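Asker: next come a sequence and a model predicted from it.
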Amino acid sequence: MATFVVLTRLTPMAVKSPADLKKLERMVNDRIRKDCPQVKWVANYAILGPCDYLDIFDAPDEATAAKVVMIIRSLGHATTETWTALPWERFERLIAA
């Protein structure tokens, strides 16, 4: 499994109230669970700054990660930025070779 980090910024039209945020969260989570059952969530954060959320998840491949991001974008009316992340121990093994 590979680890992916997603920064999400909601569009102003995505939500009008805190209740809308909760409804949107449920809708996105339900859809990801249904369409990408092999994805394992590592962490989710609401963040202050230019983006609204930071999510970390494990997926078996880039295609599955792309599907997760497309669900977030389409249902969340959002823009995203996605990165692949290597655990530090694995990175150290790569640079030691």
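Answerer: Happy to help now that I have it. Numbering: from 1, shown residues only.
Asker: who touches stretch 74-87?
Answerer: By C-beta atoms under 8 Å, 6 or more residues apart in numbering, the residues outside stretch 74-87 that reach it are 2-11, 13-14, 24, 27-28, 31, 51-52, 56, 62, 65, 69, 72-73, 94. To be clear about C-beta, it is placed using only N, CA and C from the backbone, and glycine gets the same treatment.
Asker: switch to 7 Å and redo it
Answerer: 2-11, 13-14, 24, 27-28, 31, 65, 69, 72-73 (C-beta atoms under 7 Å, 6 or more residues apart in numbering).
Asker: same thing with stretch 55-71?
Answerer: 1-6, 8, 28, 31-32, 35-36, 38-44, 80, 82.
Asker: send me it as CSV with only the CA atoms.
Answerer: Output of stretch 55-71 as CSV, limited to C-alpha atoms (Å, rounded to 0.1, in the frame of the first residue of the first chain):
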residue,chain,number,x,y,z
ASP,A,55,-6.4,13.9,4.7
ILE,A,56,-3.9,11.0,4.8
PHE,A,57,-4.8,7.6,3.5
ASP,A,58,-3.3,4.3,2.3
ALA,A,59,-4.3,2.9,-1.1
PRO,A,60,-3.1,-0.1,-3.1
ASP,A,61,-2.2,2.0,-6.1
GLU,A,62,-2.3,5.4,-7.8
ALA,A,63,-5.5,4.6,-9.7
THR,A,64,-7.4,4.0,-6.4
ALA,A,65,-6.0,7.2,-4.9
ALA,A,66,-7.1,9.1,-8.0
LYS,A,67,-10.6,7.6,-7.6
VAL,A,68,-10.7,8.8,-4.0
VAL,A,69,-9.6,12.3,-5.0
MET,A,70,-12.2,12.4,-7.9
ILE,A,71,-14.9,11.5,-5.4
